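Asker: Provided below are the primary sequence and the corresponding predicted coordinates.
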There are 2 protein chains.
Amino acid sequence: MNQVIELLKSHRSIRKFKDEPVTAEQLEQILLAGQAGSTSSFLQATSVIRITDSEKREKLMEFSGGQKWVGQAPEFLVWCADFNRHKSIAPEAKLGFAEQLLIGAIDTAIMAENALVAAESMGLGGLFVGGIRNNPQGVTDLLDLPQHVIPLFGMCIGVPDQDPTLRPRLPLSLVLHENSYNAEPDKVTLAEYDKVVHDYYEERMGANKVMTWSEQISGIVSKEARPFMKAFLEKQGFAVK
Amino acid sequence: MNQVIELLKSHRSIRKFKDEPVTAEQLEQILLAGQAGSTSSFLQATSVIRITDSEKREKLMEFSGGQKWVGQAPEFLVWCADFNRHKSIAPEAKLGFAEQLLIGAIDTAIMAENALVAAESMGLGGLFVGGIRNNPQGVTDLLDLPQHVIPLFGMCIGVPDQDPTLRPRLPLSLVLHENSYNAEPDKVTLAEYDKVVHDYYEERMGANKVMTWSEQISGIVSKEARPFMKAFLEKQGFAVK
């Protein structure tokens, strides 16, 4: 196992940061490393909004359900799928296809993950903040996002001031299939994993909120998932056709 | 600049592979490194189908518009957004929300990019194959994907047998905004970048297909983008509400 793989496998979400800035040179290297990732048909369908305005940080923290690290992290970036750039270059562009939503989401996630790995390689840490999708219209208004641009997630970056344990992932045998989808996941393996996650939460949080993975994800998927998202996407000109 | 950032910044899509296998241990490390990436609400909404059946490879090559590396690469993986796993654990799951399409696409792209970086760290190379989305229903039938699973992209992995030059990315100033979206990109910077891309294609391909970035992306976005995708997604139970 080489150092890069060790780095990738040691990823934890960091929510508490030292009061030290990310330097301009670090941020530049993080974003350039991000851009070097793959991009569908070379479309480069991403924009990044760096939030240095403290009032905007406060609002984004509110939109994200009060995640205080959104306000406190040395850097906070809002990652957007962007086809406005293409539209301004090619006014005849045919936009609004569901395929372009996929391209925008995939391109942007690839770039963002590369950026986070680059940050981690410098001893920085951070996390994705999907919580900004609690209020995508609020984010859009706050950041003046035009048609054909949507905020996908935020990202905190800074010097870690905590050292959380790794959160155990699904056994690979439940994720990897060969030649066709195996719709009968091994129940014994899943039960073992459920116990691993239960023990992880018990060790990390004591008596509070201890649950298995199956219990945790059941709680999430039994609720409606941001039911306003479809109308928001369509309003911004995504996936209308 | 550290070695990880050098690795990230040296990414090229590899389409020609030596006749050497990816070992089982390498593939396992690649996928475990992938899984260690961030996942929205711990949902781990991804499945990977490894294609070892040569007839299925042939079909996937056809679906991707005859990209011969899909047939030839030592490993070919199909990356899927997967909420079927959640549905089988929690039959009462409320699925079909556009938000869940975003989660699936973002989770899967994060995992896949980590996996490709892990592969590259071992001296392997590869590329994303969005071309499988030319025929998502064909891929779905071929791989027995159930409801709530969609194929997002393929990925070739192997030992590189080519050494392509880096494809220059947009100047960061056109991608990075501060506090609000800048809808007036600097035309001089864009024109300079267009020349850089033009020169890159000229050097790489001689007189054929030499174009600027603006010309290239205009050609792409002026055509309908896989107009069948919306109906396909809905049929698989994604983004219906």
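Answerer: Great, that's in hand. The structure presented is a predicted model; accordingly, all values stated were derived computationally and were not measured. Numbering: from 1, shown residues only, chains lettered A, B, ... in the order given.

Asker: residues near the residue nearest to A:Arg50 when sequence neighbours are not counted, how many?
Answerer: Of all residues not flanking A:Arg50 in the chain, B:Glu178 sits nearest, at 5.1 Å (C-beta to C-beta, 6 or more residues apart in numbering or on different chains). C-beta: built from backbone N, CA, C; applies to glycine. Residues within reach of B:Glu178, counting by other C-beta atoms under 10 Å in any protein chain shown, total 12.

Asker: and what of A:Glu92?
Answerer: With other C-beta under 10 Å as criterion, A:Glu92 counts 8.

Asker: doesn't it belong to a helix?
Answerer: No - under DSSP: H, G, I helix; E, B strand; the rest coil, A:Glu92 falls outside any helix and is assigned coil.

Asker: coming back round to it: contacting residues around the residue nearest to A:Arg50?
Answerer: B:Glu178 sits next to A:49-50, A:52 when contact means C-beta atoms under 8 Å, 6 or more residues apart in numbering or on different chains.

Asker: tally of neighbours for the closest residue to A:Gln67 other than its chain neighbours?
Answerer: In this structure, A:Gln67 finds its nearest non-sequential neighbour in A:Gly131, 5.6 Å apart by C-beta to C-beta, 6+ apart. As a burial measure, A:Gly131 scores 19 neighbours (other C-beta under 10 Å).

Asker: list the contacts for A:Gly131?
Answerer: Neighbours of A:Gly131 in contact, by C-beta under 8 Å, 6+ apart: A:63-65, A:67, A:70, A:154.

Asker: and the furthest pair within these?
Answerer: Largest separation among the contacts of A:Gly131 by C-beta to C-beta: A:Gly65 and A:Gly154, giving 11.8 Å.

Asker: for the two, indicate the residue with more neighbours.
Answerer: Between A:Gly65 and A:Gly154, counting by other C-beta under 10 Å, A:Gly154 is the more crowded of the two (29 against 12).

Asker: is it correct that that one falls within a helix?
Answerer: No - counting by three-state DSSP, A:Gly154 falls outside a helix, being strand.

Asker: does it really touch A:Ile132, like I thought?
Answerer: Yes - when contacts are counted by C-beta atoms under 8 Å, A:Gly154 is listed as touching A:Ile132 (4.7 Å).

Asker: common neighbours of the two, please.
Answerer: Joint contacts of A:Gly154 and A:Ile132 (C-beta under 8 Å, 6+ apart) are A:60, A:64, A:78.

Asker: test my guess that A:Gly71 contacts A:Met61.
Answerer: Yes - with contacts counted by C-beta under 8 Å, A:Gly71 reaches A:Met61, the gap being 4.3 Å.

Asker: show me the contacts for the most centrally placed residue in chain A.
Answerer: Closest to where the C-alpha atoms of chain A average out (C-alpha atoms, centre = their mean) is A:Phe128, at 3.7 Å. Residues near A:Phe128 by C-beta under 8 Å, 6+ apart: A:13, A:112, A:116, A:153-155, B:38, B:40, B:110.

Asker: what of A:Ser214?
Answerer: A:190, A:194, B:89-90 are the contacts of A:Ser214 under C-beta under 8 Å, 6+ apart.

Asker: list just the nearest of the residues you listed to A:Asp161.
Answerer: Distances from A:Asp161 to these, taken by C-beta to C-beta, are shortest for A:Asp194, at 31.5 Å.

Asker: tell me what the helix or strand of chain A with the lowest mean pLDDT is packed against?
Answerer: Ranking every helix and strand in chain A by mean pLDDT, DSSP states H and E puts helix A:187-205 at the bottom, with a mean of 93. Other elements packing on helix A:187-205 under the criterion 3 or more C-beta pairs under 8 Å, 6 or more residues apart in numbering or on different chains; DSSP states H and E are helix A:172-175, helix A:213-221.

Asker: one more pass at 10 Å, please.
Answerer: On a contact count with 3 or more C-beta pairs under 10 Å, 6 or more residues apart in numbering or on different chains; DSSP states H and E, helix A:187-205 meets helix A:172-175, helix A:213-221, helix B:84-89.

Asker: and the pLDDT at the spatially closest residue to A:Ala90 that is not a sequence neighbour?
Answerer: Spatial nearest neighbour of A:Ala90, excluding adjacent residues (C-beta to C-beta, 6+ apart): B:Ser218 at 3.8 Å. For B:Ser218, the pLDDT comes out at 97.

Asker: pretty sure B:Ser218 contacts A:Arg85?
Answerer: No - if you go by C-beta atoms under 10 Å, B:Ser218 and A:Arg85 don't touch, sitting 11.5 Å apart.

Asker: neighbour count: those two, which is higher?
Answerer: Neighbour comparison, B:Ser218 and A:Arg85: the larger count goes to A:Arg85, with 22 against 17 (by other C-beta under 10 Å).

Asker: how much space separates the more buried one from A:Gln44?
Answerer: 8 Å (C-beta to C-beta, to the nearest Å).

Asker: what do these two both touch?
Answerer: B:170, B:174-175, B:217 (C-beta atoms under 10 Å, 6 or more residues apart in numbering or on different chains).

Asker: keep only these that also lie close to chain A.
Answerer: Contacts with chain A within these, counted by C-beta under 10 Å from any C-beta of the partner chain: B:170, B:174-175, B:217.

Asker: farthest pair in those?
Answerer: Among these, B:Val175 and B:Ile217 lie farthest apart (C-beta to C-beta), at 13.8 Å.

Asker: the more surrounded of these two?
Answerer: For B:Val175 versus B:Ile217, the count of surrounding residues by other C-beta under 10 Å is larger for B:Ile217: 23 against 20.

Asker: how much space between that one and A:Thr39?
Answerer: Taken as C-beta to C-beta, the span from B:Ile217 to A:Thr39 is 11 Å.

Asker: anything in contact with each of the two?
Answerer: Once C-beta under 10 Å, 6+ apart is applied, the residues that B:Ile217 and A:Thr39 both contact turn out to be A:Ala45.

Asker: any chance you could map the helices in chain A?
Answerer: Using DSSP state H, the helices of chain A run over A:3-9, A:24-35, A:54-63, A:68-72, A:84-89, A:98-121, A:136-142, A:172-175, A:187-205, A:213-221, A:229-235.

Asker: just say which of those helices is most tucked in.
Answerer: helix A:98-121 (a mean of 26; mean count of other C-beta atoms under 10 Å in any protein chain shown).
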